[in-house]
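Asks: mind looking at a prediction? Sequence and model below.
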Amino acid sequence: MILGVGIDLVEHERFARSVERFGDRFLARIFSERELAEGRERQRNLQGWAARFAAKEAVFKALGFPGFMAWRQIELLSGDRAFPHVELGPHYAAHVDRHQPWKIHLSISHARASSAAVAIWETLVQSG
């Protein structure tokens, strides 16, 4: 059963201005240490960071949270995979764990000037 859907679009130029203005502080505010380390290891470019920013926004929207976003509590990690999977910190896990088991499906796309992401939050338990 689908519990939520989120979508986000990030313009690369606007994202680049934030990185230029605030540098590593901006990235450290948005991405966890594990995400930053993986990004450095994979030599992630600006487009890659912008896409993951969009993905975090999409996940946040799929989870249905209004107000303040705890950026680093939504981690997008690839590990050995080609595409990232979502890991939630305690700030969000307490909310989603009542729908055990759950999964967040994530799709990320790039174009020349922007990146987009869609997230679908589903419970794997049939209601009835």
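Replies: The structure has been received and is ready for your questions. Numbering: from 1, shown residues only.

Asks: which strands and helices sit next to the helix or strand hosting Ala116?
Replies: According to DSSP states H and E, Ala116 maps onto strand 114-123. Using 3 or more CB pairs under 8 Å, 6 or more residues apart in numbering; DSSP states H and E, the elements in contact with strand 114-123 are strand 2-11, helix 46-62, strand 102-110. All C-beta spots, glycine's among them, are computed from the backbone N, C-alpha and C.

Asks: mean neighbour count, these: which tops it?
Replies: Among these, helix 46-62 has the highest mean neighbour count (mean count of other CB atoms under 10 Å), at a mean of 23.

Asks: tell me the mean pLDDT over that one?
Replies: Averaged across helix 46-62, the pLDDT comes to 96.

Asks: quick one: it to strand 2-11, angle?
Replies: Taking axes from the mean of the first three to the mean of the last three CA atoms, to 10 degrees, one finds helix 46-62 and strand 2-11 inclined to each other by 150 degrees.

Asks: dump helix 46-62 to CSV, keeping only the CA atoms.
Replies: Extracted in CSV, the C-alpha atoms of helix 46-62 (Å, rounded to 0.1, in the frame of the first residue of the first chain):
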residue,chain,number,x,y,z
LEU,A,46,27.8,19.2,-8.7
GLN,A,47,25.1,17.6,-10.8
GLY,A,48,25.3,14.5,-8.5
TRP,A,49,25.0,16.5,-5.4
ALA,A,50,22.1,18.5,-6.8
ALA,A,51,20.3,15.2,-7.7
ARG,A,52,20.7,13.9,-4.2
PHE,A,53,19.4,17.2,-2.8
ALA,A,54,16.3,16.7,-4.9
ALA,A,55,16.0,13.1,-3.7
LYS,A,56,16.1,14.2,-0.1
GLU,A,57,13.3,16.7,-0.7
ALA,A,58,11.3,14.1,-2.5
VAL,A,59,11.7,11.6,0.4
PHE,A,60,10.7,14.3,2.9
LYS,A,61,7.6,15.1,0.9
ALA,A,62,6.7,11.3,0.5
